[in-house]
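**Student:** Any chance you can model this:
(chains A and B)
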Amino acid sequence: MPADTTAPPAIEFRDVHLRYFTDKGETHAISSVSFTVRKGEFISLVGQSGCGKSTMLSLLAGLIAPTSGEVLINGRPVTGPSQEVGFMLQQDSLFEWRTILDNVLLGPEIRGMDMIAARYRAERILKNYGLGQFMDHRPSELSGGMRQRAALARTMCMEPELLLLDEPFSALDFQTRLSIADEIGGIIRSEGKTAILVTHDIPEAIAMADRVIVLAPRPGRLRAIHEISFPSAETRPGAFDARETPEFQGYFNRIWEEMEDHV
Amino acid sequence: MSETAPTPAYLAWKTAQKRRRAMIALAQAGLLALFLIVWEIGPQRGWVNPMLTSYPSAVGQALLDMIRDGQLWSNLGVTLLEVVISFAAAMIGGTLIAVLLWMSPALERVLDPFLVVLNALPKIALVPIFYIWLGPTGSIYAVAIAVSIFITILMLYTGFRQTDPNKLKLVRTMGASQAQILGKVVLPGNLDTFTATLKANVGLSLVGVIVGEFQASTAGLGYLIVYGSQIFRMDMVMASIVVLGVISILIYLLIQWIERRLAR
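**Tutor:** Residues are numbered from 1 along each chain as shown, chains lettered A, B, ... in the order given. This next block holds a predicted model:
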């Protein structure tokens, strides 16, 4: 790990608690969560439902505030939706009343960015993602994998430093899912973005991440953190090839057991 | 469909399909003709009292007379103007209120039971009150707007509330303001709701205006109907109803056209 002591971590959770209040009672959703993420790091959050993994993304996105503790991005507490953050949801949520290009321009439009530059950027990103001929098409004319790539283009067009991925592949069929995860993982790595992926698919979590954070449910809390490395490969393998490495099964078994313990 | 030449079986199917459609159109025309013939012959043969039913040739004559002396145009103009104004007022007012309710959930919770009751209340019952309060012209607009505005609010608000939560979450993560959420997601995502409301409202506005004219009785097709029945001119009553039917058809076609334009 390059020791950069001056720059604050890209993400920091400091003893974060979150409680929900409803008529039926009080829910302790997240309990005493602390961890940091380095700039450019790819983190996977795994855990059973109810472990608060999506909630942690909502905290980072500034959609909800912690009951106590602090969530910081680049050393500054999160107070609301930030320009630094790009969110990608399970559903591509492309607007059928807009063309693909106009969908990609949604973020810059809402954030009041320079639209001429944004348009140039959107066209370049769509071409890079293999959607160059589909800019003027409607979302319904695209396949599931193409739609998810368009959704990534929409996120990237806002030039976020931090990507929050909330199970972005789980609506796709298995084969598309593997290839899109590989492709999108590669894009995010090559652009040097910090990313947090929420998933309940353990192989996907291992294949894409530098570290896997395992959460335990009710209340959501840290269970374990695994550094993922593949000494057998010369460079960090892509999400697809990572599954073939000898180290992969070891990680899988350990994380699987940690998640089983808590049933 | 494909590039290759159509097979004989497909051509045969198309011919049969064309014939089926022609048969349906023929049956519809025949049904209308049968109705008109029975209506024409029945009163003349003394099967029914012509004073009560009139008959097509008399209705046609009445229509021609009304066109010639200008009575039709002036009354039709009055009714159409009332329909257009009250329809527009109900649409615009209803949309504004629905937007307001969407923006303020607290306000919606307070007003919800009142809106439901007002929507269920037969607005026709209010006609005498409107007449006393607002006079002949004002009461017509009041009835027509009252008949359609509550359903507009409820339909649009329900549509707004059913906006895809994932799309809302998406734009919230982008930092969208309430106005941006409304303008970029809620309104464009509810074009279908708008056309459905439009459809329901045109008919309702027409009902409201005619009922208002029944009471106010100064001008309009509703006035012609009431006046004709009072002096026992059934041909005049029927002619006015025929004109109302034609208006309904024209409005239906107009909405269809708008719907196709919106769908692009």
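
**Student:** Name the surrounding residues that touch the strand or helix carrying A:Glu257.
**Tutor:** A:Glu257 belongs to helix A:246-260 when assigned by DSSP states H and E. Applying Cβ atoms under 8 Å, 6 or more residues apart in numbering or on different chains, the contact partners of helix A:246-260 are A:46-48, A:202-203, A:205-207, A:212, A:214, A:223-224, A:226, A:228-232, A:242. The way it works is simple: take the backbone N, C-alpha and C, and place the C-beta from them, glycine included.

**Student:** what is the mean pLDDT for it?
**Tutor:** Regarding helix A:246-260, the rounded mean pLDDT is 83.

**Student:** Show me which positions of that helix end up buried.
**Tutor:** A:247-248, A:251-252, A:254-255, A:258-259 (16 or more other Cβ atoms under 10 Å in any protein chain shown).

**Student:** Over to stretch A:69-87?
**Tutor:** Quick answer for stretch A:69-87 (16+ other Cβ under 10 Å): A:69, A:71-74, A:78, A:81-82, A:84-87.

**Student:** Now distance to B:Gly203, secondary structure and pLDDT too, for those residues, in a markdown table please.
**Tutor:** What follows is the buried residues of stretch A:69-87, written out as a markdown table (distance: Cβ to Cβ, whole Å; DSSP: H, G, I helix; E, B strand; the rest coil; pLDDT from 0 to 100):
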| residue | distance to B:Gly203 | secondary structure | pLDDT |
| --- | --- | --- | --- |
| A:Gly69 | 58 | strand | 91 |
| A:Val71 | 54 | strand | 93 |
| A:Leu72 | 58 | strand | 92 |
| A:Ile73 | 55 | strand | 92 |
| A:Asn74 | 59 | coil | 90 |
| A:Val78 | 52 | coil | 91 |
| A:Pro81 | 44 | coil | 90 |
| A:Ser82 | 49 | coil | 88 |
| A:Glu84 | 52 | coil | 89 |
| A:Val85 | 49 | strand | 92 |
| A:Gly86 | 47 | strand | 92 |
| A:Phe87 | 44 | strand | 92 |
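
**Student:** CSV for those residues, including distance to chain B?
**Tutor:** CSV is the format used below for the buried residues of stretch A:69-87 (distance: Cβ to the nearest Cβ, whole Å):
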residue, distance to chain B
A:Gly69, 21
A:Val71, 15
A:Leu72, 18
A:Ile73, 13
A:Asn74, 17
A:Val78, 12
A:Pro81, 4
A:Ser82, 7
A:Glu84, 11
A:Val85, 7
A:Gly86, 8
A:Phe87, 4
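
**Student:** hmm, which two among the residues you listed are most spread apart?
**Tutor:** Farthest-apart pair in the buried residues of stretch A:69-87 is A:Gly69 and A:Gly86; separation 23.9 Å (Cβ to Cβ).

**Student:** Measure how far the helix holding A:Glu257 is from the centre of its chain, please.
**Tutor:** Chain-centre distance of helix A:246-260: 21 Å, with Cα atoms, centre = their mean, to the nearest Å.

**Student:** do stretch A:244-255 as well
**Tutor:** So, by Cα atoms, centre = their mean, the centroid of stretch A:244-255 is 22 Å from its chain's centroid.

**Student:** residues contacting B:Phe150?
**Tutor:** By Cβ under 8 Å, 6+ apart, the neighbours of B:Phe150 are B:94, B:115, B:118-119.

**Student:** oh, I was asking about A:Thr176
**Tutor:** Here A:Thr176 is in contact with A:143-145 (Cβ under 8 Å, 6+ apart).

**Student:** Is residue 29 part of a helix or strand, or is it coil?
**Tutor:** All of this refers to chain A. strand (DSSP: H, G, I helix; E, B strand; the rest coil).

**Student:** Could you check how far it is from chain B?
**Tutor:** Going from A:Ala29 to chain B by Cβ to the nearest Cβ, to the nearest Å gives 17 Å.

**Student:** Disregarding residues adjacent in the polypeptide, which is nearest to that residue?
**Tutor:** A:Leu18 (4.6 Å; Cβ to Cβ, 6 or more residues apart in numbering or on different chains).

**Student:** Can you get me a residue count around the one you found?
**Tutor:** A count of nearby residues for A:Leu18, using other Cβ atoms under 10 Å in any protein chain shown, gives 24.

**Student:** Who is it paired with across the strands?
**Tutor:** A:Ile30 (DSSP bridges).

**Student:** my read: it touches A:Thr67, true?
**Tutor:** Yes: at 5.2 Å, A:Leu18 counts as touching A:Thr67 under the criterion of Cβ atoms under 8 Å.

**Student:** Compute the distance from the centre of the helix or strand containing B:Leu81 to the centre of its chain.
**Tutor:** For B:Leu81, the enclosing helix or strand under DSSP H and E is helix B:71-103. In terms of Cα atoms, centre = their mean, the gap separating the centre of helix B:71-103 from the centre of its chain is 11 Å.

**Student:** what does the next helix or strand after that helix rub up against?
**Tutor:** Moving toward the C-terminus from helix B:71-103, the next helix or strand (DSSP H and E) is helix B:105-120. Helix B:105-120 is touched from outside by B:100-102, B:150-151, B:153-154, B:157, with contacts defined as Cβ under 8 Å, 6+ apart.

**Student:** roughly how far apart are B:Leu221 and B:Gly228?
**Tutor:** 10 Å (Cβ to Cβ, to the nearest Å).
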